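Trainee: Got a sequence here, can you build the structure:
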Amino acid sequence: MKYLHRFLSFVAKRMVMFSVIAAVLILAFYLAMNTANIYLLLEDGLSLRVKVILQRDGEEELASYFTENFLRTDETLNIGLSGASPYVDYTVTDYNYRMSLEWVWAWPWENTATATIVERVPRITGRVNSDRQDLVSSGALSATPPAWFGGRYSVRLVRTDGRWKIDRLVQTKLIVEETEEEPAT
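Mentor: Numbering: from 1, shown residues only. Presented below is the predicted three-dimensional model:
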């Protein structure tokens with residue numbers, strides 16, 4: 001009886017240890033999976049947002065990355081799509097988009113996640129639209145597109161129907177990009 005009790009105690013301890021290790025590994029897997037999904041969503045979604053603002057192209061794809069509430073209330077996007085956009089007088093041909101993820105947390109059982117990112121567009125290449133050339137001549141308009149106002153953002157994401165979407169983007173620090181000079185040709 002003494003040996004049976006020791007054997008069962010040994011097996012029970014090993015089962016508990018195995019269960020704890022398995023639970024930690026499963027939790028780590030889901031945390032890593034959510035982090036990877038969120039990183040890709042942020043990279044692709046925010047890059048598309050910049051493209052829509054600068055080039056006014058791809059607006060219909062935004063709903064894949066952002067909630068309806070975000071699309072209605074994002075001030076930068078709404079200004080970028082309006083006639084008040086600082087890029088409306090330009091044809092942007094190229095830009096350099098950079099996003100770095102500083103922090104993200106998403107519990108596997110939660111439907112919300114938070115992240116901190118830094119978004120920058122250090123280079124924007126373009127030309128003034130032909131109908132606005134007279135404003136460049138008079139000095140009222142620059143010949144090159146204005147610099148992007150990037151920054152550090154706090155991001156809230158929500159999971160709906162098994163997919164993450166960006167729900168809120170709050171700027172916590174402003175980064176004013178210095179305009180890179182184009183090499184003379």
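
Trainee: tell me which element the spatially most central residue of the chain falls in.
Mentor: With distances taken as C-alpha atoms, centre = their mean, the chain has residue 42 as the residue nearest its mean C-alpha position (2.8 Å). Residue 42 is located in helix 2-55, with elements delineated by DSSP states H and E.

Trainee: Can you name the next helix or strand after that helix?
Mentor: helix 68-73.

Trainee: Please tell me how far residue 33 sits from residue 26.
Mentor: 11 Å (C-beta to C-beta, to the nearest Å). Where C-beta positions appear, they are placed from N, C-alpha and C, glycine not excepted.

Trainee: what residue ranges in the chain score low on pLDDT?
Mentor: Applying pLDDT under 70 to the chain flags the ranges 178-185.

Trainee: one more time with 50
Mentor: Within the chain, the stretches with pLDDT under 50 are 182-185.

Trainee: ok, back up a step: my understanding was that the residue nearest to the centre of the chain contacts residue 166; is that so?
Mentor: Yes: with contact defined as C-beta atoms under 8 Å, residue 42 reaches residue 166; the gap is 7.0 Å.

Trainee: got the contact list for residue 109?
Mentor: If you count contacts by C-beta atoms under 8 Å, 6 or more residues apart in numbering, residue 109 has none.

Trainee: and it, which of the three is it?
Mentor: coil (DSSP: H, G, I helix; E, B strand; the rest coil).

Trainee: Give me the phi and psi for it.
Mentor: Main-chain torsions, residue 109, degrees, to the nearest 10: phi -90, psi 0.

Trainee: quick one: it from residue 140, how far?
Mentor: 56 Å.

Trainee: what number of residues lie near residue 136?
Mentor: 15 (other C-beta atoms under 10 Å).

Trainee: Look up phi and psi at it.
Mentor: phi -70, psi -40.

Trainee: for residue 67, same thing?
Mentor: Taking degrees, to the nearest 10 as the convention, residue 67 sits at phi -70, psi 160.

Trainee: And for residue 102?
Mentor: phi -90, psi -30.

Trainee: Fine, thanks again, bye for now.
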